[in-house]
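Asker: Predicted structure and sequence below. I'll ask about it afterward.
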Amino acid sequence: MINEISRILEEFRSCFSRRAAFKWFVVVIFGFMVRLDHHGVSSFVRWLCIKPRLYTSLLSFFRASSWDLKTIMHRWWQIVLSSSVPLITIDGRLLLGGDGIKISKEAEKMPGVKKLHQESDNSGKAPYIYGHHHGVIGILAGWVKKTVLYSPCAEPHEGVEALRKLQDKVEPIVNGRSKVSVTTLMAAMAGELVSVVGKSCIIVLDAYFAVGPVFSILQQIVDSQGKRLIHVVTRAKSNVVAYEDPPPKTGRPGRPRKYGAKLCLMDLFESMAEQFEQTTITLYGQCKDVSFLCMDLIWRPIGEKVRFVLVLDGSERFILMCSDLDLLPYDIIRAYSYRFKIEVSFKVLKHLMGAFFYRFWTSAWPRIGTQNQSDLSSKEDPRSRRLIQEAAGAIEAFMNFGCIATGILQIISLTFHETVWGKYLGWLRTVTSTIPSEEVVRSVVQHEYYHNFFVFRNSAIYRIIMSKNRKTADSAIPLAA
């Protein structure tokens, strides 16, 4: 397994113009896997026994100009597609999952921190927090009883308009005008991923992203032959309305009607109950009976037809939307059933890998005070802008390096599951799948690093870490006279 991790990391060598930067990259990725706390960059130094004087060099790596995060992520997605991991497909297309996560950050000098509203039924959560809102997208992979959000990637998505200009990022275009919002940035992020992958995909989103700009942006993602590369499946809002086809032209003067009769879709569960069809859908290896009604109606936010699927699952009623009018209702329901895997991925990234426990800041960032977000209009000098840009880039790099480490653990889990179980020394009260979780794989990697060093020392990772490891003479306690 350690040799497989070394092989994967070696494929990133071409992304770095300097060998020293590549070595720090290996240290960070492997540090995510073996560290036993989530105390920022210092945990890599502590658990890999790196020389303390190199801590500043490790911090400088995240702000270095010898590598580009976009190039690294593009290379990562190519590695993902070339691996032997079974990817979930629907109608021959890859299935993507995306959502946003809000991370509490109280540091006043951390770029991008703003006041965020939390919508939750949990009384233990505050209605408002100061922090970051990140968008996360990944590819769904695995088998029937073991599905994971594979190869996730993350990006700040709320309150980053001025910050994106400092980073020279391209703004999403909607109807010929730039529009920066949480929904448009998620759509643009998905479009970039699909453009690099080069394969037809379906992205599954929740009702928050059931807005016109998301459908419009994804409609622009096409291949060299003009064929659309990505379609969206999302849950509709409860107050969604749509329109039937307009009546035929009568020949009378005046502009013809663009829309037909207006329909409140939630009312159709009662008025068209007799037209619902029964079907049995296999979800997570279990058969489930549901009723559905499929209708292709005009959705006013984009002025085009969208496939609406009204689903009746026991006492629960919900409406799904799909931009592909040829996708079967059965496949639309099955695609949306995988959306919850993004929540499992958030748990892994946050609590297991600590991908969101970064602590990068800069004194150039203006204090937020009592405002909703910091005002960057006063930071016009080149030095302040450069420091803010570097700190924001370090935050994004830290998150995505944690995502890469998670993806490598998933490759090991899905490809070498028998080897992992053979080396696992822990105990699970209930084993629900033959495919080990990321936590089990991480435990095995930690054990090989800390307790089975004879096997680990034959890998390339060993040579890189040992070149930065503390020498015995440096850590020896001076003898008293």
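Answerer: Noted; the coordinates are in hand.

Asker: switch to C-alpha atoms for all contacts and neighbour counts from now on
Answerer: OK.

Asker: tell me, how many neighbours does Leu218 end up with?
Answerer: 24 (other CA atoms under 10 Å).

Asker: With Glu192 as the reference, measure out to it.
Answerer: Leu218 is 10 Å from Glu192, where distance means CA to CA, to the nearest Å.

Asker: ok, now Arg228?
Answerer: Arg228 sits 14 Å away from Glu192, going by CA to CA.

Asker: Also Glu448?
Answerer: Distance of Glu448 to Glu192, given as CA to CA: 37 Å.

Asker: Comparing those two, which shows the higher neighbour count?
Answerer: Per other CA under 10 Å, whichever of Glu448 and Glu192 has more neighbours is Glu448, with 19 against 15.

Asker: Need the three-state assignment for that one.
Answerer: Secondary structure, DSSP: H, G, I helix; E, B strand; the rest coil: Glu448 is helix.

Asker: Could you list the low-pLDDT ranges of this structure?
Answerer: 123, 144-145, 284-285, 453-454, 471-481 (pLDDT under 70).

Asker: Tell me what the residue most central in space within it is bridged to.
Answerer: The structure's the chain has its C-alpha centroid closest to Val136; by CA atoms, centre = their mean the separation is 2.2 Å. Note on Val136: beta-bridge partners Asp99, Ala154, judged by DSSP bridges.

Asker: does it really touch Pro156, like I thought?
Answerer: No: the criterion here is CA atoms under 8 Å, and Val136 misses it with Pro156 at 9.0 Å.

Asker: Can you work out which residues contact both of these two?
Answerer: Counting by CA atoms under 8 Å, 6 or more residues apart in numbering, no residue touches both Val136 and Pro156.

Asker: Can you tell me the number of residues neighbouring Arg359?
Answerer: Applying other CA under 10 Å, we find 16 residues neighbouring Arg359.

Asker: ok, it touching Gly40?
Answerer: Yes: Arg359 is within contact range of Gly40, at 6.0 Å (criterion: CA under 8 Å).

Asker: who touches both of those two?
Answerer: With CA under 8 Å, 6+ apart, Arg359 and Gly40 have no common neighbours.

Asker: Buried ones in the lengthiest helix in the chain, by neighbour count?
Answerer: In the chain, with assignment by DSSP state H, the single longest helix is helix 382-415. By neighbour count with 16 or more other CA atoms under 10 Å, helix 382-415 contains the buried residues 384-385, 387-415.

Asker: Following element in sequence after it, please.
Answerer: helix 417-423 (DSSP states H and E).

Asker: Can you pull out the residues in contact with that following helix?
Answerer: Identification of contacts with helix 417-423 by CA under 8 Å, 6+ apart yields 412-413, 434-436, 440-441, 444.

Asker: can you name the two of the residues you listed that are farthest apart?
Answerer: Thr434 and Val444 (15.6 Å; CA to CA).

Asker: These two: which is more packed in?
Answerer: Between Thr434 and Val444, counting by other CA under 10 Å, Val444 is the more crowded of the two (23 against 13).

Asker: Next, check the contacts of helix 417-423 against the strands and list the overlap.
Answerer: Applying DSSP state E to the contacts of helix 417-423, no entry is found in strands.

Asker: In helices, which of those appear?
Answerer: 412-413, 440-441, 444.

Asker: Out of those residues, flag the one nearest to Phe209.
Answerer: For those, the closest approach to Phe209 (CA to CA) belongs to Ser413, at 31.4 Å.

Asker: what's near enough to touch Gly164?
Answerer: Careful, residue 164 is Arg; it's not Gly. Applying CA under 8 Å, 6+ apart, we find Arg164 in contact with Val170.

Asker: One more pass at 10 Å, please.
Answerer: Shown in contact with Arg164 (CA atoms under 10 Å, 6 or more residues apart in numbering): 112, 156-157, 170-171, 180, 389, 392.

Asker: Over to Lys305?
Answerer: 242-245, 295-299, 322-325 are the contacts of Lys305 under CA under 10 Å, 6+ apart.

Asker: Show me what it is bridged to.
Answerer: Beta-bridge pairing for Lys305 (DSSP bridges): Ile298.

Asker: roughly how far apart are it and Asp245?
Answerer: 9 Å.

Asker: cool, and Leu96?
Answerer: Leu96 is 31 Å from Asp245, where distance means CA to CA.

Asker: Would you mind splitting this structure into its domains for me?
Answerer: Recorded structural domains for the chain (assignment: automatic domain parsing) are 2-206+339-466, 235-319.

Asker: Redo the ones you listed as TSV? Include distance to Val222.
Answerer: Listed next are the domains of the chain as TSV, based on distance: least, CA to CA, whole Å:
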stretch	distance to Val222
domain 2-206+339-466	8
domain 235-319	18
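
Asker: Which one, of the ones you listed, ends up nearest to Gly212?
Answerer: Comparing these against Gly212 with CA to CA, the closest turns out to be domain 235-319 (4.8 Å).

Asker: end-to-end on the closest one?
Answerer: End-to-end distance of domain 235-319 (CA to CA): 6 Å.

Asker: got it, and stretch 320-336?
Answerer: Stretch 320-336 has an end-to-end distance of 8 Å (CA to CA).

Asker: Return the distance of it from the chain's centre.
Answerer: Distance, stretch centre to chain centre, for stretch 320-336: 22 Å (CA atoms, centre = their mean, to the nearest Å).

Asker: Find the residue closest to Thr280 in space, skipping its chain neighbours.
Answerer: Nearest non-adjacent residue to Thr280, counting by CA to CA, 6 or more residues apart in numbering: Asp289, 4.5 Å away.
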